[in-house]
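S.K.: After the sequence you'll find the predicted model.
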Amino acid sequence: MHEGKHLAESSDNTVFIGWGLAKRLGVKSGENVTLLVTTATGSVNAMDFEVAGTFESGVTEMDEQFFFVHYTRASELLQLKGSRTIVIGFEDDNELQYQKKLEDLLAQEFPKIEAVHW
């Protein structure tokens, strides 16, 4: 963890954000951000979240692009019904370069979440 609180220690209306992304957005713990996403059906949805804290994974791409929210809020935001899987896509063709760092980050910060390459 870089600053603030871990997501598990925070309310369900919070976001745990990579420190590089937080820096680019100019936000700190306790401040609010609006997450804008494309839903599973292709429409646009947005929700406001309070920044619980920031993390530093050691992988610049993750620190500048990743954020975590509670599963129930992510399901609402993405308008998912009954899904237990969230897929993360990478623009880079060599996504395996991130797998070990992502697994380590998840094991440390979110031990109930598993990273699986398909």
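M.R.: Thanks, I have the structure now.
S.K.: okay, CA-based contacts and neighbour counts for the rest of this
M.R.: Will do.
S.K.: immediately after the longest strand seen in the chain, which helix or strand?
M.R.: As assigned by DSSP state E, the longest strand anywhere in the chain is strand 44-55. Following strand 44-55 in sequence order, the next helix or strand is helix 60-65 (DSSP states H and E).
S.K.: Can you spell out which helices and strands pack onto that next one?
M.R.: Judged by 3 or more CA pairs under 8 Å, 6 or more residues apart in numbering; DSSP states H and E, helix 60-65 is in contact with strand 14-18, helix 19-25.
S.K.: For the shortest one, which strands pair with it and how are they oriented?
M.R.: The sheet places strand 14-18 alongside strand 44-55 (parallel), strand 67-69 (antiparallel), with pairing taken from DSSP bridges.
S.K.: mind checking how far it is from the chain centre?
M.R.: 6 Å (CA atoms, centre = their mean, to the nearest Å).
S.K.: contacts for it?
M.R.: 6-7, 49-57, 62-70 (CA atoms under 8 Å, 6 or more residues apart in numbering).
S.K.: just to revisit the earlier point, mean neighbour count added to the strands paired with strand 14-18, as JSON lines?
M.R.: Formatted as JSON lines, the strands paired with strand 14-18 follow (neighbours: other CA atoms under 10 Å):
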{"stretch": "strand 44-55", "mean neighbour count": "20"}
{"stretch": "strand 67-69", "mean neighbour count": "18"}
